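Asker: Coordinates for the following, if possible.
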Amino acid sequence: MSNLIILGAQWGDEGKGKLVDILADRFDYIVRYQGGNNAGHTIWIGERKFVLRLVPSGILHPGKTAVIGNGLVVDPIGLFEEVEALNAAGIDAEKQLRISNRAHVLFPSHRMVEKISEMGRAPIGTTLKGIGPCYEDKIGRRGIRMADLLDRGYFRECVRGLIEDHETRARAFGIDDEIDADDIAARYAEAAERMRPMICDTSALLNQAMREGKNLLFEGAQGTMLDIDHGTYPFVTSSNSSAGGACTGSGVPPTKIDAVIGISKTYTTRVGGGPFPTEALDAAGDEIRDRGHEFGSVTGRPRRCGWFDTPVLKYSAAINGFETMVVTKLDVLDELAEIPVCVAYSIDGNVTMEMPATVRELAKAKPIYETLPGWKSSTVGISDWDQLPEAAKRYVEFLEAKTGVEAGCVSTGPERMQTIVRVGSKFERITG
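Answerer: Purely as a prediction, here's the structure:
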């Protein structure tokens, strides 16, 4: 088994958590490398639903080590809410979890500061969890890391200054949220002591594990099109959700990564603002949302829904280097008589497959569709490719042909067993 990156090929919510959960038994370490508690992975095991925001999905497998890498921003209070929920479900999360001493700490005042951006000329529809401002402090070299949190004297000294800075910025924009620095310092110091056994140099931990022949599975939070460098800027997240982020966000060198697998829905969704060329602003979009339960796992916000976008997938495959993908939620399309697929854009009369660099250009993109027949029968729970309706197989094969990426795995429902692994595929060879 190789060291493997699992990532979203669209705007997030593709089903990464389910795939990581399926594969976790074959790996020793499951590593989260970017993001915060603004996005969640929803996993169904029978009738039990787990929503994980910071904790890697592999925590649901006993004996596996789940790692929060240095690329994350961590809200300790939010983290322990997850840990308590896992403990209540019989999972010894604190025994399995390791947290990088270089991960940055998120404070309540970061959430206050984030309101400023949403008051601006171009609000992007953030979750207001404070993720962006925490990354701003990281890049501005004024952030507080887990190692600082463990140094009680230094932490009490620097946290007051950081919160005062946040309050000053917020007041300038008329935001008067009450922030008690003393209370925050006390609560975070208490959380630090509970986290102390879990905090370590996770880069050293992972590199030593690889020298011992252990296998690593990397998971991100958001999809490629929300990557700070390669996504639909500025309607993006504040970290690198693409494959390169797995190395910078974990301290594992790129020479140790053996494969990348992309995940894509059989249609497209996105949350928040920003251009979305294939958005279906009609009854079909509503049907997809209802059948696919397309509501945010953290916020509950309805997701914007639309048709499969070939230029997005080709762009994502090129950036991340994946040659096989998992296509999810095939069953959501079961009742449609016809299914449009965007095969190119028309921008100012020019046909292109390239992803525009600006949201202004992308907003002008008119999707060029080819329409395929639906199958009008249930695919829910099918786990054998040959049992799929012929039209469903043709649809998946059409996506492969247009994107140039193999669909080596097909998801037909939210549970572990509702999955098709295509025999002889690159996906099967990579995952064993």
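Asker: How about the secondary structure of Ile5?
Answerer: strand (DSSP: H, G, I helix; E, B strand; the rest coil).
Asker: from the chain's centre, how far out does the top strand by length along the chain sit?
Answerer: In the chain, with assignment by DSSP state E, the single longest strand is strand 338-347. Relative to its chain's centre, strand 338-347 lies at 25 Å (CA atoms, centre = their mean, to the nearest Å).
Asker: Just checking: what are the partner strands of it?
Answerer: Note on strand 338-347: by DSSP bridges, its sheet partners are strand 308-309 (parallel), strand 350-352 (antiparallel), strand 366-373 (antiparallel).
Asker: May I have the phi/psi pair for the residue of the chain most remote from its centre?
Answerer: Each residue of the chain has a distance to the centre, and by CA atoms, centre = their mean the biggest one is for Gly153: 35.1 Å. Main-chain dihedrals, Gly153, degrees, to the nearest 10: phi -60, psi -50.
Asker: ok, it to Ala189 distance?
Answerer: Distance of Gly153 to Ala189, given as CB to CB, to the nearest Å: 10 Å. (Each C-beta comes from the backbone N, C-alpha and C, glycine too.)
Asker: cool, Tyr267 as well?
Answerer: Counting by CB to CB - Tyr267 and Ala189 are separated by 47 Å.
Asker: out of the two, which sits in the more crowded spot?
Answerer: Neighbours around Tyr267 and Ala189, counted as other CB atoms under 10 Å, are more numerous at Tyr267. The numbers are 28 against 16.
Asker: give the contact list for that one.
Answerer: Contacts for Tyr267 were tallied using CB atoms under 8 Å, 6 or more residues apart in numbering; they are 288, 292, 305-308, 329, 332-333.
Asker: domain ranges for this protein?
Answerer: Following automatic domain parsing, one finds the domains of the chain at 4-102+198-259, 104-110+130-195, 263-431.
Asker: Can you tell me which of those domains is packed in deepest?
Answerer: Of all those, domain 4-102+198-259 has the most neighbours on average by mean count of other CB atoms under 10 Å, namely a mean of 21.
Asker: just how off-centre is it within its chain?
Answerer: How far domain 4-102+198-259 lies from its chain's middle: 9 Å, per CA atoms, centre = their mean.
Asker: go on, stretch 249-263?
Answerer: Stretch 249-263 sits 15 Å away from the centroid of its parent chain (CA atoms, centre = their mean).
Asker: Report the mean confidence score over that stretch.
Answerer: The predicted model assigns stretch 249-263 a mean pLDDT of 97.
Asker: Start and end of it, how far apart?
Answerer: From its first residue to its last, stretch 249-263 covers 20 Å (CA to CA, to the nearest Å).
Asker: and what of stretch 246-266?
Answerer: End-to-end distance for stretch 246-266: 25 Å, by CA to CA.
Asker: Stretch 266-279 now?
Answerer: Start-to-end span of stretch 266-279 (CA to CA) is 14 Å.
Asker: what does stretch 95-102 give?
Answerer: Taking CA to CA, stretch 95-102 runs 20 Å from one end to the other.
Asker: And stretch 402-414, by the same measure?
Answerer: 26 Å.
Asker: So what's the gap between it and the chain middle?
Answerer: 18 Å.
Asker: returning to what we had before: now render the strands paired with strand 338-347 as JSON lines, adding distance to Pro76.
Answerer: JSON lines is the format used below for these (distance: least, CB to CB, whole Å):
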{"stretch": "strand 308-309", "distance to Pro76": "38"}
{"stretch": "strand 350-352", "distance to Pro76": "46"}
{"stretch": "strand 366-373", "distance to Pro76": "44"}
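Asker: I'd like these as CSV, with mean pLDDT and distance to Thr237 appended.
Answerer: Formatted as CSV, the strands paired with strand 338-347 follow (pLDDT from 0 to 100; distance: least, CB to CB, whole Å):
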stretch, mean pLDDT, distance to Thr237
strand 308-309, 98, 19
strand 350-352, 97, 26
strand 366-373, 98, 24
